[in-house]
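Asker: my questions are about this predicted structure, shown below with the sequence.
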Amino acid sequence: MTNFKDLKFTKRFDGVGSLHKFDNGITLSVVAGVGRYCTPREEHPSADSYASFEVGIWGKDGRWLTRDIVPNQNNDVIGWQTRDEIDEIISLIKLK
């Protein structure tokens, strides 16, 4: 089972990021750093330094799916998502 704690973060984009591709072909992007919708909006070397993250979701065809998967969202990326909220998003992705 994949949860936030299972995501592998690497240094990138003046912060950190993780891309996870699910068996159903959907990709989850979780990023944090300078200019991202996260807390804090600073460069840190580890995901442990962040309280919230920016999230985006797309399908195997490259089309954004964030609005289709996460209820009440009107954007392709969702800002300031906590670890628990990202776990909920992961659960929704698995249902697709």
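Answerer: Ah, there it is.
Asker: so where does the residue lying closest to residue 45 once chain neighbours are set aside fall, helix or strand?
Answerer: Setting aside the residues directly before and after it, residue 45 is nearest to residue 11 in space (C-beta to C-beta, 6 or more residues apart in numbering), at 6.2 Å. C-beta coordinates here come from the backbone N, C-alpha and C atoms, glycine included. Element membership of residue 11, judged by DSSP states H and E, is strand 10-12.
Asker: so what strands line up beside that strand?
Answerer: strand 15-21 (antiparallel) (DSSP bridges).
Asker: the strand it pairs with: what's the following helix or strand?
Answerer: Criterion used, DSSP H and E; the element after strand 15-21 is strand 27-33.
Asker: and the contacts of that next one?
Answerer: For strand 27-33, contacts defined as C-beta atoms under 8 Å, 6 or more residues apart in numbering pick out 4, 7, 9, 12-22, 38, 41-44, 47, 50, 52-60, 81, 86, 89-90, 93.
Asker: now do it, average pLDDT.
Answerer: The average pLDDT within strand 27-33 is 98.
Asker: partner strands of that strand and their direction?
Answerer: strand 15-21 (antiparallel), strand 53-58 (antiparallel).
Asker: only C-alpha atoms, please: export that strand in CSV.
Answerer: Output of strand 27-33 as CSV, limited to C-alpha atoms (Å, rounded to 0.1, in the frame of the first residue of the first chain):
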residue,chain,number,x,y,z
THR,A,27,1.1,9.8,-11.8
LEU,A,28,1.1,11.8,-8.5
SER,A,29,3.5,14.7,-8.2
VAL,A,30,4.3,16.0,-4.7
VAL,A,31,6.7,19.0,-4.5
ALA,A,32,7.8,21.6,-2.0
GLY,A,33,10.2,24.5,-2.2
